Structure formats: structure tokens, C-alpha cells
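Asker: What would the 3D arrangement of this be:
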Amino acid sequence: MTPRIDHTTTSGTFSLDGQTFDVENNAWVVGDDSECVIIDAPHDVAAIRRLVGDRHVLGVVCTHAHDDHVRRAPELADAVGAPIFLHPDDMVLWNLVHPDREPDRELADGQVIEVGGASLRVLHTPGHAPGAVCLYSPELGVVFTGDTLFAGGPGATGRSYSDFDVVVASIRDRLLPLPEDTEVRTGHGESSTIGAIRPQFDEWVARGY
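Answerer: This is a model prediction of the structure:
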């Protein structure tokens, strides 16, 4: 069967450092007609379950542990009977949201998750969050960047546990070398391509975006 990407947008809030903001998050489901992986668990479990349908879920893979990406992870994982995957460097953020529930599996740089005829290679891309990861699928020509990289610039680094220089290095060293036609599917907002983003990178760095 042919792998595909399903998508929905959910609305909710993001809270950190004593502030709360309204946000809209992308949720992605990757797989074929029989099995899939869920990327992030924002806001609306029912909407994500509609994307999954009756497929077997291999895991809820968290790109990072800001609350708008993981707040529903335990509920979603329990509903679909799947483990939660998170990079261990993001436990400091996870514990702010779920102090009484740990993720089930660790993500590691270079790890490959096979699902529905596609592979998702884990790229550790710290900066927006210490354990942030992106998921690259060469078969689908897609990289899921969470909040590390957007169509308009790097992920925000103005809050606790983030670092602008580190996220810039992650984008430069791990993402920009991908093929230029690679689609960039983000945690918020519109998609782009590596080829469209690459010419803007030096300008972003110069202005400390």
C-alpha cells in the first residue's frame, strides 16, 4: 500500500514562563491504510482520531514537549493504544506538563521509524527546545520540523530552555542540506520547501529572527 500524509489543524493555547497565548497547531498522521504514526498531540484528540480512523497506531511521536504539542499525548496514546515517543533532552519541559506520566519510548538522533512503507529518520535539532527533533522521510520527500523551522524563519527562542544560536546551527547543519524539493511540514502555519527557505537563511541570522 502507498504511504500518505493526513493533516488537521487544531486550536488551543500555549503556556510557558507564566504567559499563555492562543495558537493553532498542525497535527500530522503518516502511514498507509493499515498502520500509521501520529506526529504531535495538540489540543483536540477527537480530530486526530478522525484522521487515524481504524488504523493501527505505532506511536505518538512528539517533536518537542511544549504543552501545545504534548498536552493531549497521554489521552491520545491511551485512546489509540500506542506508545509516546520523546527525546530525553525534553523531559524538563515534559515534566512541566505531565509530572505524573512519563513517555514510553525515547527518540534518538539517527533512529528510523518504519511505518506503512515509509521511513521517518529522527534528526535531533535543539534550539527551540533542548530535545526538539525533526522527522525526515526520503520516500515521501518531506521533513516534519515541529517548531524548529517555519516557512518564515526559525522557531522562537525567547523563552526558557531555548537558544537562538543553537536553533540556527540545527537548521544550518541538519535541515538545509536536505534536497531542495523536500517539503517542510511545520508545527504551525503553512508548509514550504528547503529550496524556498535556503536563500532566506542568512537574512534570518543577520537580523536575529
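Asker: Could you list everything residue 29 pairs with in the sheet?
Answerer: Legend: beta-bridge partners of residue 29 under DSSP bridges are residue 6, residue 38.
Asker: quick one: secondary structure of residue 196?
Answerer: Classification of residue 196 by DSSP: H, G, I helix; E, B strand; the rest coil places it in helix.
Asker: so what's it closest to, chain neighbours aside?
Answerer: Computed as Cβ to Cβ, 6 or more residues apart in numbering, the closest residue to residue 196 that is not its neighbour in sequence is residue 151, at 7.6 Å. Bear in mind the C-beta positions are built from the backbone N, C-alpha and C, glycine included.
Asker: in the sheet, who's paired with the residue nearest to residue 138 when sequence neighbours are not counted?
Answerer: Nearest residue to residue 138 in three dimensions, chain neighbours excluded: residue 119, at 7.1 Å (Cβ to Cβ, 6+ apart). Here residue 119 sits in beta bridges with residue 114, going by DSSP bridges.
Asker: where does this structure dip in pLDDT?
Answerer: 209 (pLDDT under 70).
Asker: Which residue ranges of the protein form helices?
Answerer: 45-52, 67-70, 73-80, 91-97, 164-170, 194-197, 201-206 (DSSP state H).
Asker: Indicate which one of those helices is closest to residue 179.
Answerer: When these are compared by Cβ to Cβ, helix 194-197 sits nearest residue 179, at 6.7 Å.
Asker: Which residues does that closest one contact?
Answerer: Applying Cβ atoms under 8 Å, 6 or more residues apart in numbering, the contact partners of helix 194-197 are 143, 149, 151, 175, 176, 178, 179, 180, 181, 182, 184.
Asker: Would you mark the buried spots in it?
Answerer: Within helix 194-197, the residues that count as buried by 16 or more other Cβ atoms under 10 Å are 194, 197.
Asker: ok, and the most crowded of the contacts of helix 194-197?
Answerer: residue 149 (30 neighbours; other Cβ atoms under 10 Å).
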